[in-house]
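A.B. asks: Provided below for reference: sequence and predicted model.
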Amino acid sequence: SEGYRLEASSTDFGAAAPGGTVYSSATPNAALAELTLTGLDANTTYYARLAALNWDGAGVYTVLDATPTLSVPVSQAQYYSVGRTAITANWAALPSAPQTATGEGYEFELSTTPDFSAVAYSSATFNIGLSTLTISGLSTATTYYGRVGSLNWAGVADFLGLGSAKTIRRRPRLIVIAPQ
């Protein structure tokens with residue numbers, strides 16, 4: 001092999017579905033094991049194919065699985081309220097159209113670890129107009145790390161970190177001792 005070429009299109013490469021923009025990335029380096037395509041639209045399914053190139057740049061393509069790109073990320077995300085056993089996040093809702101400027105819904109996750117290696121709680125919606133999610137059933141006086149992501153049609157989130165928030169301690173009980 002004299003290198004590789006990776007191509008992707010929002011329409012299938014077969015004769016039954018011609019058209020669409022073809023994005024291409026190639027390398028003459030046969031030892032290179034990674035190619036990147038740039039300029040792809042958000043929240044769009046792409047059909048991909050890969051070819052090992054011969055000495056004159058020609059190759060036979062292997063068809064790869066179709067896959068969606070991530071949706072447009074959320075913006076202006078923040079903790080809206082933090083209580084004893086619940087945390088609410090909100091963000092600027094994405095528009096409902098066009099497909100390349102929106103997503104399919106949102107996911108809000110909380111973890112007790114900053115790297116999200118242990119996602120403790122999650123809430124999701126496929127309502128693109130919604131801009132608030134609440135997670136309840138949390139422990140009091142506990143630090144949680146949050147993130148909000150927009151979902152593509154495959155349910156994969158493009159997350160934005162919110163930092164940490166600590167739930168409120170239980171209210172102290174008032175004990176009244178009557179004089180004897």
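C.D. replies: It's in.
A.B. asks: same for the helix or strand hosting Ala77, what does it pack against?
C.D. replies: Using DSSP states H and E, Ala77 maps to strand 75-82. Applying 3 or more C-beta pairs under 8 Å, 6 or more residues apart in numbering; DSSP states H and E, we find strand 75-82 packed against strand 86-92, strand 157-166. For the C-beta atoms, the positions are set from N, CA and C on the backbone; glycine is no exception.
A.B. asks: which one of those strands is the most hemmed in?
C.D. replies: Among these, the stretch with the highest mean neighbour count (mean count of other C-beta atoms under 10 Å) is strand 86-92, at a mean of 19.
A.B. asks: looking at this protein, which helix or strand is least sure?
C.D. replies: Every helix and strand of the chain was ranked by mean pLDDT, DSSP states H and E. The lowest is strand 22-27, at a mean of 82.
A.B. asks: Residues in contact with the helix or strand following that one: which ones?
C.D. replies: Next in sequence after strand 22-27, counting helices and strands by DSSP H and E, comes strand 45-53. When contacts are defined by C-beta atoms under 8 Å, 6 or more residues apart in numbering, strand 45-53 is touched by residues 1-13, 23, 26, 28, 35, 40, 59-69, 153.
A.B. asks: can I get the CA coordinates of strand 45-53 in PDB?
C.D. replies: Taking Å, rounded to 0.1, in the frame of the first residue of the first chain, the C-alpha atoms of strand 45-53 are listed here in PDB:
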ATOM      1  CA  THR A  45     -25.500  10.900   9.300                       C
ATOM      2  CA  TYR A  46     -22.400  10.200   7.100                       C
ATOM      3  CA  TYR A  47     -21.600   7.100   5.100                       C
ATOM      4  CA  ALA A  48     -17.900   6.400   5.000                       C
ATOM      5  CA  ARG A  49     -15.500   4.300   3.000                       C
ATOM      6  CA  LEU A  50     -11.800   3.600   3.200                       C
ATOM      7  CA  ALA A  51      -9.300   2.600   0.500                       C
ATOM      8  CA  ALA A  52      -5.700   1.400   0.500                       C
ATOM      9  CA  LEU A  53      -4.000   3.300  -2.400                       C
END
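A.B. asks: Can you pull out the low-pLDDT segments for this structure?
C.D. replies: 1, 14-19, 30, 171-176, 178, 180 (pLDDT under 70).
A.B. asks: Mind listing the residues bridging to Tyr61?
C.D. replies: Note on Tyr61: beta-bridge partners by DSSP bridges are Ala51.
A.B. asks: what sits against Thr167?
C.D. replies: Val82, Gly83, Arg84, Thr85, Ala86, Ile87, Leu138, Ser139, Thr140, Ala141, Thr142, Tyr144.
A.B. asks: If we use 7 Å, what do you get?
C.D. replies: Thr167 makes contact with Val82, Gly83, Arg84, Thr85, Ile87, Leu138, Ser139, Thr140, Ala141, Thr142 under the criterion C-beta atoms under 7 Å, 6 or more residues apart in numbering.
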